[in-house]
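Chemist: Below: sequence and its predicted model.
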Amino acid sequence: MCGIVGYIGHQQADDLLLTGLKRLEYRGYDSAGLAIVDGDELVVRKQSGKVSALVDSVTNVRVRGTLGVGHTRWATHGFPNDQNAHPHTSADGSFALVHNGIIENYATLRKQLQEKGYTFASETDTEVLVHLIDDVRKAMNLDLPEALSHALSRVVGTYGIAIVSAEDPDLLLAARNGSPLLLGINENEYFIASDASALIEHTRQVVYLNDGEMAVVRRGGYEVRTIGNEPLQKEVHQLEWEMEQIEKQGFEHFMLKEIMEQPKALEDCMRGRVRASEGRVVLGGLLDVMDQLQRADRIIIAACGTSWHSALVGEYLIEEFARVPVEVEYASEFRYRNPILRENDVVIVISQSGETADTLAAVREAKQQGVLTLGICNVVGSTIARETDAGVYLHIGPEIGVASTKAFTAQVLVLAMLAMRLAEGRTLSQAEIAHNLHAISAIPEKVQAVLDQSETIKQMAKVYRYASNFLYLGRGYNFPVALEGALKLKEISYIHAEGYPAAEMKHGPIALIDRFMPVVFTALKDRTYDKIISNIEEVVAREGSVIAVTDEPNGELDRLCEYVIRIPRTEEFLSPLLTSIPLQLLSYHIAVMRGCNVDQPRNLAKSVTVE
């Protein structure tokens, strides 16, 4: 949540900060602001609404200066308005701070500061942090880095912080605990950002801050310390993303671009890993722990949102092929319910960003209990990638649209590859694995065949764009697809939608069905096909409007359904990689026709780094 960008160097900071905020807007878009040190003056500009509103407000009044910080907000404390927008400044206006995270003991600190005479202009926990640093600085006669260190020792909660001061125009400060921050390094200039998209056009050299670390950046260099002021030696990493990957490249929306990128994304994800002719899978990130993983008595997969849906598919995959018991947990529940973990358990976490707060907490809970932890994520160098014992990157390039699409299919693909690797030499013969890997290798071309139906699905969207409710139903591997299809529609079109196992329809949801209720079925000719047909008949008998996703060349559903979407045939265990695509397209086209902001849905942000 929230986007942070900071700069110190030789260029004018305003354009750099505003461009960086536009890149980070998918992290939060309730309000935006910047603070720039102009000589011995600190100039602050902030505005409710999207970054474009901030750009408009400063267009004719350019702020000069080569040191500054910017912020785009996802509101936690206080309404999205000008007063609550970041940056927040000290009482004397000498320094400004931007913050991502939640200060959990802010109410206590606020009361203590009010008793000392501090007044508050906002409802935010961030302003409490500003005044706390100011109070410590004055009371103990400390410089700003020392004051920050002492103040943070009194803070409970999560934060990613960047600070600039008019009293020290040679200083950019940053600190992290639970909210991602990285330091970008270029010749005679430095950047602070909450993710790489804000600085990729300026540098590829980055230092990742870990929890409990702060960066003291000056024009002549930088140092990284612990919050307790102990110096640290940090490795400089090379970013892998290309600039064009964070551009729309002619598409109307990032979401549409990312839906259409899926054939290439899946090819990239399996490249070098799927060796169909050899009947084997190579997952380099798991080589050092594979023996331990294969001895697992139980696998627990923890995730949130779309990643949780991919985990459910993973449960089917691993149990069917590797015959290892799998439990899927909401990461937000796993961290609080005192889970029972045994010596030979393995905890796998899934997160597109690698920064999801609840999922990261699940990693730490598992590590505390001494079990092997594996991460499946997309962002190289992310916190989950660094803190898990081993893992697998998706390698699909950045996903900017808030509603996840290509990350879902890539996560399912990684789980399918993992299932094949676990089955190797145990439950499947090499010939069986080779057969399955050939089927996996054919998936990108089949995904493209589904994407080629986008215009047909767009015509369907015209009929359903005014619906108030949707029901998504599926069985087996496609039950999680029903959940994911419903989530996509909710996220971007604001139509209420629910996903269910098809058999559960009779245990409640059937009461909702009438001629105004569209019902989406995945109805492939698999082991549950006859049962699905019965469920469709039950909906039709109650005048429900049925959309079916089935496999070619099945024509049996035409008599029952208003619309039938046909996908290429594949192995049953790979079907979610195809059935999810038309549901993504349907949600996208409906949302566009309803005038919704597809890439930045209301109240949502891409990376959920707070509880």
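Modeler: Received the coordinates, thanks.

Chemist: For the rest of this, base every contact and every neighbour count on C-alpha atoms.
Modeler: Fine.

Chemist: Does Met517 touch Tyr464 like I think?
Modeler: No: using C-alpha atoms under 8 Å, Met517 is not in contact with Tyr464; the gap is 9.6 Å.

Chemist: Number of residues surrounding the residue lying closest to Pro80 once chain neighbours are set aside?
Modeler: Distances taken as C-alpha to C-alpha, 6 or more residues apart in numbering put Asp30 closest to Pro80, at 5.4 Å, once the chain neighbours are dropped. Neighbour count for Asp30, taken as other C-alpha atoms under 10 Å: 24.

Chemist: Distance check, Glu319 against Pro325.
Modeler: The gap separating Glu319 from Pro325 is 6 Å, by C-alpha to C-alpha, to the nearest Å.

Chemist: try Ser429
Modeler: Counting by C-alpha to C-alpha, the gap between Ser429 and Pro325 amounts to 20 Å.

Chemist: And for Ala523?
Modeler: Computed as C-alpha to C-alpha, the Ala523 to Pro325 distance reads 27 Å.

Chemist: so what's the residue at the greatest distance from the centre of the chain up against?
Modeler: Most distant from the centre of the chain: Asn141, at 41.3 Å, with distances by C-alpha atoms, centre = their mean. Not one residue lies near Asn141 by C-alpha atoms under 8 Å, 6 or more residues apart in numbering.

Chemist: Which pLDDT value does the model give it?
Modeler: At Asn141, the model reports a pLDDT of 94.

Chemist: Please apply the same query to Phe120.
Modeler: Confidence for Phe120, expressed as pLDDT, is 94.

Chemist: Name the helix or strand for it, please.
Modeler: For Phe120, there is no enclosing helix or strand under DSSP states H and E.

Chemist: so it touches Glu127, yeah?
Modeler: Yes: if you go by C-alpha under 8 Å, Phe120 and Glu127 touch, sitting 7.2 Å apart.

Chemist: These two: which has the busier surroundings?
Modeler: Set Phe120 next to Glu127 and count neighbours by other C-alpha under 10 Å: Glu127 wins out with 26 against 14.

Chemist: how about stretch 80-100: buried residues?
Modeler: 80-91, 94-100 (16 or more other C-alpha atoms under 10 Å).

Chemist: What is the end-to-end distance of it?
Modeler: Stretch 80-100 end-to-end distance (C-alpha to C-alpha) = 15 Å.

Chemist: Past the lowest-mean-pLDDT helix or strand in the chain, which element shows up next along the chain?
Modeler: Comparing helices and strands within the chain by mean pLDDT, DSSP states H and E singles out helix 51-58 as the least confident, with a mean of 86. Proceeding C-terminally, helix 51-58 gives way to strand 67-73 as the next helix or strand, assigned by DSSP H and E.

Chemist: For that next one, name the packing helices and strands.
Modeler: strand 3-8, helix 13-24, strand 31-38, strand 95-100, strand 159-165 (3 or more C-alpha pairs under 8 Å, 6 or more residues apart in numbering; DSSP states H and E).

Chemist: And the helices in the stretch 151-300 of the chain?
Modeler: All helices of the stretch 151-300 of the chain, identified by DSSP state H, counting those that start in this stretch, fall at 254-260, 262-270, 290-294.

Chemist: got CSV for the ones you listed, with mean pLDDT, mean neighbour count and distance to Gly354 too?
Modeler: Formatted as CSV, those follow (pLDDT from 0 to 100; neighbours: other C-alpha atoms under 10 Å; distance: least, C-alpha to C-alpha, whole Å):
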stretch, mean pLDDT, mean neighbour count, distance to Gly354
helix 254-260, 96, 22, 18
helix 262-270, 97, 21, 16
helix 290-294, 95, 16, 21
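
Chemist: Reformat those helices as TSV; add distance to Thr306.
Modeler: Output for those, formatted as TSV (distance: least, C-alpha to C-alpha, whole Å):
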stretch	distance to Thr306
helix 254-260	14
helix 262-270	16
helix 290-294	25
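
Chemist: Quick one: closest of the ones you listed to Gln453.
Modeler: Nearest to Gln453, of all the helices of the stretch 151-300 of the chain, is helix 254-260, at 11.4 Å by C-alpha to C-alpha.

Chemist: name the helices or strands packed onto that closest one?
Modeler: Packed next to helix 254-260, using 3+ C-alpha pairs under 8 Å, 6+ apart, are helix 576-593.

Chemist: just how off-centre is the helix it packs on within its chain?
Modeler: 19 Å (C-alpha atoms, centre = their mean, to the nearest Å).

Chemist: helices or strands up against that helix?
Modeler: Counting by 3+ C-alpha pairs under 8 Å, 6+ apart, the packing neighbours recorded for helix 576-593 are helix 254-260, helix 406-423, helix 443-451, helix 454-464, helix 479-493, strand 563-567.

Chemist: Right, I'll call it a day here.
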